Structures are given as C-alpha cells and as structure tokens.
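1. coordinates only, no sequence provided:
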C-alpha cells in the first residue's frame, strides 16, 4: 500500500567545524519521503519556489516518489534553513531561517491522494497537518511528527491534532515539555491521555521507545562510529517506519510496528553518514536488511 | 563461585526537592556487594569508622556478605558523602565530602581472599584498586569501575590499572573524556587499546553498551515510571553483573556476559526505587527474574 508524506521541502545550508554545505536538499518531507520510498510507493505533498534545483526533483524521481502533490511557486523562494553543528555533532544552532513559499502555505491534495492508507504528517506546522487530514477520507494509520517549536507557538492546534492521529513521534525533551513530566515513561502515559494510541520517543544515539496498547518496546539505534550530519535523521526514521508498515501484507499495524521502528532506525543511520540526503539516497535494500540483521544480533541476550 | 568486592563503604546524606535522608548506608562497595549477593557468595573489602551504625553491619550480614575484609577503625570517621538532586533526579551536586578513614587506606586482604575468582574493583581510587589486585593470585575475571574524578587526579594510576583488568565499566561522558573522543562507539575502540578486553558504558535510563571480542551488545535499562534515588545505581549494576557471572556453572564469561549485564540493569532498577539500599535490600530473586523476563519482551522485534 502507499504512503502520503506531507512536510517541509527545503534547502539546508549546513556548517560543521570541518565544512560548509550550502543549499542541500532538506526538509522533513524530503527526508521522510526518500526513506519511505525504500519500502512502499510514496507520494509527497510539499511546496517549493522557482529556485528549487532541477537535480533535487530528479532525486525525488529516482526514488519513484509521486510529485503530483509538490506545489511549485515560480516567483517564490524555497524554505531555507541554515544551521551549524558543534564538534560533537549533537548540539546544533539555527543560523538563519527563510520561510519563503512555506509561509501561509495551505496544501491542496491531488484528487487521488485522498484515499492513501498510510499518512505521515512529517514535521511542519500543526495547521498544515490539519489541512491535509481534512482532505483524507480513507486513512488507515496516521503518524504525526512534531517539534518543540509548535508546542511553543501553536500548542492549541497541536493538542487538537493529537486527537486525530494514531501515533505521535517526538524526542525525549519534547515529550517532557509537552506534559511537564521529567520522567519519560511517566510522560508517555500522560501523552496517551492527549489522544494518540501509539507514542514513539526518539532518543537519537540512544534509540527509541514505543508505547502502545501492548506496552513498551525499547528499540536500539544503529551504532555509528562516525556521524557526518544528523540533520533529517528523525525524519528518515519516521519515513522508513511508515514505509515499512505500508509494505506489509496482512497482519495488524500493531504486529509490524516493532520491526517498522527498527527499519526506520536503520534508514536514519544511513542519513547520519552523509550531508543532507547524500548517503541515504545511495543506500540499497540489501544494506538496509544487513543492518537490521546486525541490530537483531546486537540486542539479543 | 565467589565474588570479592572492594570499594567505598560510606554514609550518604541525600537531599532531594522533597526530602532529606541523612546518613544512609552507601558507597560503591555497599551497593555492589548487596547486588552481587543475590547471585553468589560475596566478600566485602572496605573500611569504616567507629561511627558506622551496627544496623548497617546487620544489613550486610542479612545478605550473607563475608565481612572478614571490612576493616573497622574505632577512633576514625566513616567516609561521608552529602549530595543534592534536582527535580528531574538526573543532575546531582556534591554538598560535602568527608574522607575520614578512607583517606590513605591501604586494604590488607584476609588470607583466604587471595584465591577469589571474580573480582570487582568498585569505584575507589586506582591506588586502592592496585593494592587489592597485588594481593590476588587466582583471579579469573576482574572488573574495574571508575569515575571522572580519577581521570582528573590519578590518570597515570588509572591507565596502569587498565592493563591489569579484564573489563572496564564507566559512563558515557567518562568514556568520551578518557580518550578525548566524542563518538561513543569510536571511544570504545580507543579504550580497548588501553588494555581491557571488555568495556561497558553505562548510560543510565538509556541502558548500556558492551564492547568485547565478539563485538557490541546494546543493553536496555529497565524503564521506571518513578525514580526515587539513583545514588548507587551504577554500583548495583556492576555488582549484579559480576554476581551473576560468578553464579554460572560452565560456559565462558563471554557466553554469559550479556545476560549478566541485563541482571545488573535489573538490580540497578530496584536501587533507583528507594533511598540508599532501602529498595534493593527488599528485592527478591523472583522479582529480579520477573524484570529480566520483562526486559526480554521489551526488546524483542
């Protein structure tokens, strides 16, 4: 079955202590859609300006991503994020953000998108996430990703969204912030009360936690000896996750979710090994399967 | 087989936002020895002053811990640590430290201790850890725990120690500091070059990592919805770990190490659920086995 991904389609300029990488393909929807495309047919809903390079459209196309939902505003500017990482690649700070065509964007879905069964509301404003949900009629499983920014400036929209989605994905500090609870397992219980049946906490190099009707799943991260650029790793994680779910034949979402998370973690590991989408786009299905097997062995006791 | 534990035997005064808990039984050797005692006969090597409460000696005895190696200095003062935790129980600061009888202590092992097969050099100065190793003749597996303090004030002693032990245990920030390497998997490779065949990185709520001749093991922590006092959790972890190893009949250390780590993590989880040793000492073998089974389910995919 197919996946619909809505989120940001952006240009990222990423500075590290060792290099500058201007105007890479980035954005939550770009990373998530490419990640999902390894497993299932993927439709992208986003918006770009006239400055969006043709080579990035080709990259989407190389991954078989349907671009009927990619709006192009000829005289507009693509959303542009500039950021800088510190030596340890964990701390990053935003240098500049130009919203461009994403400012006030309200996506209109192509007609045949409304029946997509697997929907990823990748990180973007809850208002846009609502607009997409409003146009869907047959969604089987909806995942929403979010971030602290929306808790700070659009909390009512976000809280309303949580009642409309099956699964919320956020990182541990965001989970603590959302329900004012320092203990993560305790925070999970409080987040369920806000709506989502499933909650997934991303913890970067420490893996992730899934909480659902059948309890907790403690998922590993794939250990990397070298992290080149973690930008988009969280988006790749959730994209790989929903792509894997959509590709399963038979069985409930619940029965596939643990393996879906592990596949997401593996795609995220490739994302971290190159700037932007450079490494992800070169990953093969065999490489992904290889790292999943490694993870199986890494956690066995 | 039996376990020898050397480390600090202390009085801990622990302040949290909600309570003050003066002069609890604490110290690396106390936590580790009680943890080990759930699995194997345990000998404690430590030193206390005349102010050491009889009830704490009884607690050791309740756990069947051999106290022939517990030196008592009648006119001395027991090592006393005072600390304060912040609301989230993750950040702690030391309020006061009185070394007392531990200052300049050089342990002398009772005659029959020298042939103990499993040895835990719990957190204490590398000088004391060396002194104990010097008196052992038949150690089969030696684990050393350490902390940033010794890297800062006794690095040459610590580096010399690393060439004498089978396994080093430390937390992730200490691992980064020891080899000036921000990436933990990369740091592991560098630590092996300093001596130990096995390295275990403690990551608190995020679990732990084992690196050894057969590669990595990513171990979970037992998820707790309420942490009362994490003091001694790391000591309980390594104590439970070596106690479990000592209790195995047949098979190599390597073949038991993963399950040993999981048992250590479970004992550590009990430690966090009460002040000092209050909860650990009430744990039962059935409770420990129950949480190990839960962890098996929590990581399965």
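-> Structure's in. What do you need? Since the model is a prediction, treat every value here as computed from it, not as a measurement.

2. and the closest residue to residue A:10 other than its chain neighbours, what does it touch?
-> Counting by Cβ to Cβ, 6 or more residues apart in numbering or on different chains, residue A:10 lies nearest to residue A:27, which is 3.3 Å off, once chain neighbours are set aside. C-beta here means a position set from N, CA and C on the backbone, and glycine is covered the same way. Residue A:27 makes contact with A:7-10, A:12, A:46, A:79, A:235 under the criterion Cβ atoms under 8 Å, 6 or more residues apart in numbering or on different chains.

3. out of the residues you listed, list just those in helices.
-> The helices in this structure, assigned by DSSP state H, contain residue A:235 from the contacts of residue A:27.

4. make TSV from the contacts of residue A:27 and add neighbour count and pLDDT to it.
-> Putting the contacts of residue A:27 into TSV (neighbours: other Cβ atoms under 10 Å in any protein chain shown; pLDDT from 0 to 100) gives the following:
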residue	neighbour count	pLDDT
A:7	28	98
A:8	27	98
A:9	30	98
A:10	27	98
A:12	25	97
A:46	31	98
A:79	26	98
A:235	30	98
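
5. which residues of chain A lie near chain B?
-> For chain A, the residues in contact with chain B (Cβ under 8 Å from any Cβ of the partner chain) are A:87-90, A:182-186, A:189, A:203, A:205-207, A:209, A:215-220, A:223-227, A:258-259, A:261-262, A:295-301.

6. out of these, which are buried?
-> Among those, those scoring as buried are A:89, A:183-186, A:203, A:205-207, A:209, A:216-220, A:223-224, A:227, A:258-259, A:261-262, A:295, A:298-299, A:301 (criterion: 16 or more other Cβ atoms under 10 Å in any protein chain shown).

7. helices and strands around the longest helix along chain A, which ones?
-> In chain A, ranked by residue count with DSSP H as the criterion, the top helix is helix A:253-272. With contacts taken as 3 or more Cβ pairs under 8 Å, 6 or more residues apart in numbering or on different chains; DSSP states H and E, helix A:253-272 sits against helix A:28-37, strand A:208-212, strand A:215-219, helix A:233-247, helix A:285-299.

8. most packed of these?
-> Mean neighbour count, computed with mean count of other Cβ atoms under 10 Å in any protein chain shown, is highest for helix A:28-37 among the helices and strands packed on helix A:253-272, reaching a mean of 32.

9. and the angle from that one to helix A:233-247?
-> Following axes from the mean of the first three to the mean of the last three Cα atoms, to 10 degrees, one obtains 40 degrees for the angle between helix A:28-37 and helix A:233-247.

10. helices or strands up against helix A:28-37?
-> Contact here means 3+ Cβ pairs under 8 Å, 6+ apart; on that basis helix A:28-37 packs against strand A:3-6, strand A:42-49, helix A:54-62, helix A:233-247, helix A:253-272.

11. for the record, mean pLDDT for that helix?
-> This predicted structure assigns helix A:28-37 an average pLDDT of 98.

12. do stretch A:210-217 as well
-> According to the model, stretch A:210-217 has a mean pLDDT of 97.

13. what does it contact?
-> A:185, A:188-189, A:191-192, A:197-201, A:209, A:219, A:254, A:257-258, A:261, B:223, B:297-299, B:301.

14. go again using 10 Å as the cut-off
-> With contacts defined as Cβ atoms under 10 Å, 6 or more residues apart in numbering or on different chains, stretch A:210-217 is touched by A:166-169, A:175, A:184-185, A:187-189, A:191-192, A:196-201, A:208-209, A:218-219, A:241, A:253-255, A:257-258, A:260-262, B:220, B:223, B:294, B:297-301.

15. show me the one of the helices and strands packed on helix A:28-37 that comes nearest residue B:38.
-> Nearest to residue B:38, of all the helices and strands packed on helix A:28-37, is helix A:253-272, at 30.5 Å by Cβ to Cβ.

16. now do the closest one, average pLDDT.
-> Averaging pLDDT along helix A:253-272 gives 97.

17. ditto for stretch A:277-297
-> Model confidence over stretch A:277-297, given as mean pLDDT, is 98.
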